[in-house]
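**Student:** predicted coordinates and the sequence they were generated for:
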Amino acid sequence: MQIDPLFDISQQTVIVTGVAGQLGEQYAQVFLSRGARVSGVDLKASAVTEKLQKDFPETFALYEADIAQKQKLETVQQQMLADGRIPTVLINNAALDSPPSALPEENGPFETYPETSWDKVLDVNLKGTYLCCQVFGGWMAQEECGSIVNVASIYGVVSPDQNIYQYRRDRGEDFYKPVAYSVSKSGLLNLTRYLATYWARQNVRVNTLTIAGVFNHQDDDFLSNYCGRIPIGRMADPDEYNGAMIFLASEASKYMTGSNLVVDGGWTAI
């Protein structure tokens, strides 16, 4: 396959956090299929990471760590160094949210949202990204080369549309999109700007990719309400953010830093 040199990422060494997730797997595959080496970071091995290892035995490696623990990340850094995997791209993809099937208190009113849930989500989504930037981004700054992509959400740019979930309240559930996910993703926007200016002279670019929801066999009522809110009229397919990732990692975006690339089917245009 002939690749435009502007978008060639075959020489990159990429870290993908949350690599076992729906989008983490996609990001890993798109880089691996184009010749890059990928270091996946996740809590433990899974069917996804085993398949990536089987399909790309020479270029994929899994490093097990809790990204909310700096000591664990520093251990991973030493392992990567021993393996000759000095990163040139860091994709901060790992994130937690309260799924619709979570306990009622997780998706209840703001006034009773559990403090423990707030801490758990902020620990992974914001603190975890901050720590990965400290450890891996700091490493890239020492090498004076790299691109960092912090994966944010439309709900970090605008408030969740609680009307989407009215159908659940109509059937007797006290259901709301929780606050912690939105706050954590909003925090990424200014973490990105801070680091973009902080590391600009070290040749490390830092950008945010803001995405909308991804189809994952959600219930029909949710899909009808959610997709009715999107100008394009549907949720994203899992692979539809891959092009943006390649752009942000490649020479095609070499003068871009501190920016927020929004790929959301038009959600925030309304």
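**Tutor:** The structure has been received and is ready for your questions.
**Student:** I'd say N203 and I148 touch.
**Tutor:** No: taking C-beta atoms under 8 Å as the definition, N203 is not a contact partner of I148, at 11.8 Å. For every residue, glycine as well, the C-beta is placed using N, CA and C.
**Student:** neighbour count: the two, which is higher?
**Tutor:** I148 (30 against 15; other C-beta atoms under 10 Å).
**Student:** contacts only, for the more buried one.
**Tutor:** Shown in contact with I148 (C-beta atoms under 8 Å, 6 or more residues apart in numbering): 89-92, 133, 137, 140, 192, 195, 204-207.
**Student:** same check on A249?
**Tutor:** A249 neighbours (C-beta under 8 Å, 6+ apart): 9, 12, 14, 31, 89, 91, 147, 149.
**Student:** the second one and I91 touch, don't they?
**Tutor:** Spelled out, that is Q12. No: if you go by C-beta under 8 Å, Q12 and I91 don't touch, sitting 10.7 Å apart.
**Student:** between those two, which one's more packed in?
**Tutor:** The neighbour count for Q12 versus I91, taken as other C-beta under 10 Å, is higher for I91 (29 against 20).
**Student:** quick one: that one is in a strand?
**Tutor:** Yes: the assignment for I91 by DSSP: H, G, I helix; E, B strand; the rest coil puts it in a strand.
**Student:** that one and V149 touch, don't they?
**Tutor:** Yes: using C-beta under 8 Å, I91 is in contact with V149, at 4.9 Å.
**Student:** shared neighbours of those two, anything?
**Tutor:** With C-beta under 8 Å, 6+ apart, I91 and V149 have common neighbours 245, 249.
**Student:** assign a three-state SS to L209, would you?
**Tutor:** strand.
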